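In: Structure for the following, please:
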Amino acid sequence: MRRPKDWGDFVSKKTIALAGNPNVGKSTVFNELSGMHAHTGNWIGKTVETQKGEYYYKYNNYTVVDLPGTYSLNTSSKEEEVAKDFLINNNADCTVCVVDATVLERSLPLVFQVMAITGRVVVLLNLCDEAKKKGIYVDTEKLSKLLGVPVVKATARSGRGINNLMEQVHLIITGKAFPSPCFADEGSALSYVKAKSIAQQVVTVSKKARQPFLDKILLGKFTSVISMILILAFILWLTITFSNYPSELLKSAFDSFELWLGNLLLSNGVNAKIVEMLVYGMLRVLLWVVAVMLPPMAIFFPLFSLMEDFGILPRIAYNLDFCFEKCCACGKQALTTCMGMGCNAVGVTGARIIDSPRERLIAIITNSLTPCNGRFPLLIAVIAMFFSENKIISAVILVAFLMLSLSMTMLSSRILGKTVLKGEKSSFTLELPSYRRPQILKTVVNSVKEKVLFVLGRAVAVAAPAGLIIYLLANIKAGDTSVLGVVSDFLDPLGNLMGLDGVILLAFILGFPANEIVIPIILMMYLSSATLNDYSSADSLVQILIANGWTVKTALCTCVFSMFHFPCSTTLLTIYKETKSVKWTITSVIMPLILGICLCCIINLAFNTIFC
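Out: As a prediction, this is how the structure comes out:
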C-alpha cells in the first residue's frame, strides 16, 4: 500500500514476523507485503539472516521481518537459532506462519512451536494453486477452529490472499481479534502426532499423487548423472554462444572510448607518459575485465537462478549428497560448489549454511577448486583454439574439465576430512521442492542486481590498481629488460617442469586481482608491449601463442592450472572474513596451488614419455 501524504496520520510502528519452513514461499510473501524484491530460493538454508521491510495498511505503519526458513526452533542450526532468538527477544506484535498447502502435516510442528512462544499468530496457507493442481483441498475453517488462530488461503506469487492476510494481522494488532491457540509445543514426538491428526481431519486428496516425470529422469538411478551433465553442458553452451558478440561490442566501444579519452587528455596538455599509464595501462585493464566478464555473467547467473527457482539445483545437490558424504564432507557442500561456478567468493559466503564448523571449513578451503565465471574466458578461448572450434564440442570438453574439478574437490575434501579437519559427520536435511514456474523477469532482475553487478563491482575495484601495477612492471627496466621479463625468466625452470613457461606463470600471479586478465598479460609479455594487447581474431591469437612455443600440451596444462591455483584477491579476502584465520586463509592458497603444480607436472611427464 502507498504511503499517505500526511505522515502524521501514522500510529507507532508494529512488527510482523514471517516464520516458516524453507520453500513455502515466505520470501515471496515478504516481497508482496513490503515491495522489496528479496531473492527467493528453492533450497534449505539459503537465507541465514533476517530481512526487514515496511508496508502500510489502514494508516498503520508495519515493519515486516522475514526470518530464516527452518523446520523447527530447537536451535541445532544457525537458521533455527536466528529465528528463535528473534521471536523470543524481539517481541513481534504478530507472527505470520507461512505453511505449504501441499504438505500441511510437515509444516504444522513449526506452527506449534511458534504458538508456544507467542499467541498472536496468523497461519498463511500458501501455494494453494499447486495444491489445487495436485487435487489437495484444505478446509481452512476447520483448520482455524482446531488451531484457534486465523487461517488465510493464499497464492503469494500472484498476490492472492495478501490483502486478507493484512486485514487479519491488522485486526489482531488493533485488538479487534483475539486468537486463542489450542496447541503448544510439547516435544517433537507429540508435535508430529498432533500434526498428523489435524492433517487427516482437514485435508482431502481427490487424486493419487504421482512422481513428476522430470524426477524420474533427474533422480533416476541410471539417468541422474547423464541428465546433470547434459543440463550443465547446455547452460555452458548458451553462455559460450551468446556471450561472444556482446563482448566484442563492448570491447569495440571501450577501444573507441580509450582513444577518445587519450586524445582528449593529450590535447589538453597532459603528459604523454601519464596518459599512457592512466588510459592505456590502468583504464584498459579495468575496461577489459568488464568487456570479458560482464556478458558471460549476465547469461550464466540468471540461467543458474532460473534453475534454482524451477527446482533443478536442489535435485543436483541431492544427487551429489552421497558423494560428498563419502568424502567426509557435508551434503550442503554440493550447494556451495554450485555457487562457486558463478563466483568463488559467493560460494565461500554460501558455506554459512553448513552448521558444522569443521565441514564449513572444508567447503570454504575447497571452493576455489571450482572454476568460477572469471576463469571461463581463458578456458573457453584455449579450448576453442587448441581442441575444437565447434561450440558444442567445446562445451562438452569444458564439462569434462568441470568433472575433473568436481573430482578434485571431493578428493581434497576427503584428504582434509581425514587429516587436519578430522571429526564427526553432521546430518543434512535437504528438501526437494515441487517444480514451479519461475518468475522469469523478477529472477533475471534480481540475479543481475545481486550477483552480476555485485561481483563485477568487486572485480573492477581490484582491476584498476592491478592495471597500474602491471604497467609499471612492464615499463621499469632492469638493464635492457623490463621487470616482467626478469621475473618471467626466473620462473622459466618451474614453468617448464609444469609444461608451461615463465610468462604463463607470471601472468597467473599478476592475474591475482582478476582471472580475466591472464590472457591479455600473456600477450603483452610475448609481444614485449608496455600495455595490454588486444588481438584481432582467434587465429591471430593462436599464431602468437604457437610462435612462442605453445602446443596442445601447453594448452592442456594452462587449462588445468587455471582451474587449480590460488584464489583471486576477492575470494581470498572473503575467506579471511569468513574464517577470521590467517592459518586457514593460507591453507586455501597452498592446497589448490600444490594440486595444480602436481597435476601439471604429471601431464607434462606423460606427454614427454609418450611423444619423446
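
In: Run through the bridge partners of Cys94.
Out: Under DSSP bridges, the beta-bridge partners of Cys94 are Ile16.

In: Distance check, it against Met563.
Out: Distance from Cys94 to Met563, counting by CB to CB, to the nearest Å: 51 Å. C-betas here are computed from N, CA, C, even on glycine.

In: Can you list the low-confidence ranges for the stretch 201-350 of the chain?
Out: For the stretch 201-350 of the chain, the stretches with pLDDT under 70 are 207-211.

In: At which residues are the strands of it located?
Out: 203-205 (DSSP state E, counting those that start in this stretch).

In: for Gly423, helix, strand, or coil?
Out: With DSSP: H, G, I helix; E, B strand; the rest coil as the basis, Gly423 sits in coil.

In: How about the contacts made by it?
Out: The contact partners of Gly423, by CB atoms under 8 Å, 6 or more residues apart in numbering, come to 356, 358, 417.

In: For the residues you listed, give me CSV that also has neighbour count.
Out: Listed next are those as CSV, based on neighbours: other CB atoms under 10 Å:
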residue, neighbour count
Ser356, 20
Arg358, 19
Gly417, 21
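
In: Could you dump these into JSON lines and include secondary structure?
Out: Below are the contacts of Gly423 laid out as JSON lines (three-state DSSP):
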{"residue": "Ser356", "secondary structure": "coil"}
{"residue": "Arg358", "secondary structure": "helix"}
{"residue": "Gly417", "secondary structure": "helix"}
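
In: pLDDT on stretch 598-612, on average?
Out: Model confidence over stretch 598-612, given as mean pLDDT, is 89.

In: How about residues contacting it?
Out: Contacts for stretch 598-612 (CB under 8 Å, 6+ apart): 497-500, 553, 556-557, 560-561, 564.

In: CA-only coordinates of it, as CSV, when you get a sec.
Out: Provided in CSV are the C-alpha atoms of stretch 598-612 (Å, rounded to 0.1, in the frame of the first residue of the first chain):
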residue,chain,number,x,y,z
CYS,A,598,51.4,-31.6,-9.3
LEU,A,599,48.7,-32.2,-11.9
CYS,A,600,50.6,-30.1,-14.5
CYS,A,601,53.9,-31.9,-13.7
ILE,A,602,52.1,-35.3,-14.2
ILE,A,603,50.6,-34.2,-17.6
ASN,A,604,54.0,-32.8,-18.7
LEU,A,605,55.8,-36.0,-17.8
ALA,A,606,53.1,-38.2,-19.5
PHE,A,607,53.4,-36.1,-22.7
ASN,A,608,57.2,-36.3,-22.7
THR,A,609,57.1,-40.0,-22.1
ILE,A,610,54.6,-40.8,-24.8
PHE,A,611,55.7,-38.4,-27.5
CYS,A,612,59.5,-38.2,-27.0
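
In: how about it: buried residues?
Out: Residues of stretch 598-612 classed as buried: 599-600, 603-604, 607 (neighbour count, 16 or more other CB atoms under 10 Å).

In: Equivalent analysis for stretch 268-288, please.
Out: Buried residues in stretch 268-288 (16+ other CB under 10 Å): 275-288.

In: Helix or strand: which one has the residue nearest to Ala507 when sequence neighbours are not counted?
Out: Excluding its sequence neighbours, the residue lying closest to Ala507 (CB to CB, 6 or more residues apart in numbering) is Ile521, at 4.1 Å. Using DSSP states H and E, Ile521 maps to helix 518-526.

In: Could I get the average pLDDT for that helix?
Out: 81.

In: Just confirm Val65 is within a helix.
Out: No: counting by three-state DSSP, Val65 is not found in a helix; it is strand.

In: mind listing what it touches?
Out: Neighbouring residues of Val65 by CB under 8 Å, 6+ apart: 15-18, 50-52, 86, 90, 92.

In: Mind checking which of the buried residues of stretch 598-612 are in helices?
Out: Of the positions in the buried residues of stretch 598-612, 599-600, 603-604, 607 sit in helices, assigned by DSSP state H.

In: Pull stretch 396-406 out as CSV, backbone CA atoms only.
Out: The C-alpha coordinates for stretch 396-406 follow below in CSV (Å, rounded to 0.1, in the frame of the first residue of the first chain):
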residue,chain,number,x,y,z
VAL,A,396,31.5,-30.9,-23.8
ILE,A,397,35.2,-30.5,-23.3
LEU,A,398,34.5,-27.7,-20.8
VAL,A,399,32.1,-30.0,-18.9
ALA,A,400,34.9,-32.7,-18.8
PHE,A,401,37.2,-30.1,-17.1
LEU,A,402,34.4,-29.3,-14.7
MET,A,403,34.0,-33.0,-13.9
LEU,A,404,37.8,-33.1,-13.2
SER,A,405,37.3,-30.1,-10.9
LEU,A,406,34.5,-31.8,-9.0
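
In: Any chance of a markdown table for the contacts of stretch 598-612, columns pLDDT?
Out: A markdown table is the format used below for the contacts of stretch 598-612 (pLDDT from 0 to 100):
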| residue | pLDDT |
| --- | --- |
| Leu497 | 94 |
| Met498 | 94 |
| Gly499 | 93 |
| Leu500 | 94 |
| Lys553 | 93 |
| Leu556 | 93 |
| Cys557 | 95 |
| Val560 | 95 |
| Phe561 | 95 |
| Phe564 | 93 |
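
In: ok, back up a step: roughly how far does the residue nearest to Ala507 sit from Tyr471?
Out: 11 Å.

In: who's more crowded, those two?
Out: Ile521 (25 against 22; other CB atoms under 10 Å).

In: I'd assumed Pro513 was in contact with the more buried one.
Out: No: using CB atoms under 8 Å as the test, Ile521 is too far from Pro513 to be in contact (11.0 Å).

In: where do the contact lists of these two overlap?
Out: By CB under 8 Å, 6+ apart, no residue touches both Ile521 and Pro513.

In: residues contacting the residue lying farthest from the centre of the chain?
Out: The C-alpha centroid of the chain is most remote from Gly479, which lies 47.5 Å away (CA atoms, centre = their mean). Shown in contact with Gly479 (CB under 8 Å, 6+ apart): no residues.

In: so what's the backbone phi/psi at it?
Out: phi 80, psi -130 (degrees, to the nearest 10).

In: go on, Cys327?
Out: The phi/psi pair for Cys327 (degrees, to the nearest 10) reads phi -100, psi 20.

In: dump the residue contacts of it.
Out: 410-411, 413-414, 417 are the contacts of Cys327 under CB under 8 Å, 6+ apart.

In: Which one of those residues sits in the busiest neighbourhood?
Out: Neighbour max across those (other CB under 10 Å) = Ser413, 26 neighbours.

In: Model confidence for that one, exactly?
Out: 91.

In: Next: Asn496.
Out: Taking Asn496 on its own, its pLDDT is 93.

In: where's it, which helix or strand?
Out: Short version, using DSSP H and E: Asn496 is in helix 483-497.

In: That helix versus helix 518-526: what angle between them?
Out: Interaxial angle of helix 483-497 relative to helix 518-526 (axes from the mean of the first three to the mean of the last three CA atoms, to 10 degrees): 110 degrees.

In: mind listing what's buried in helix 483-497?
Out: Buried, per 16+ other CB under 10 Å, within helix 483-497: 484-488, 491, 495.
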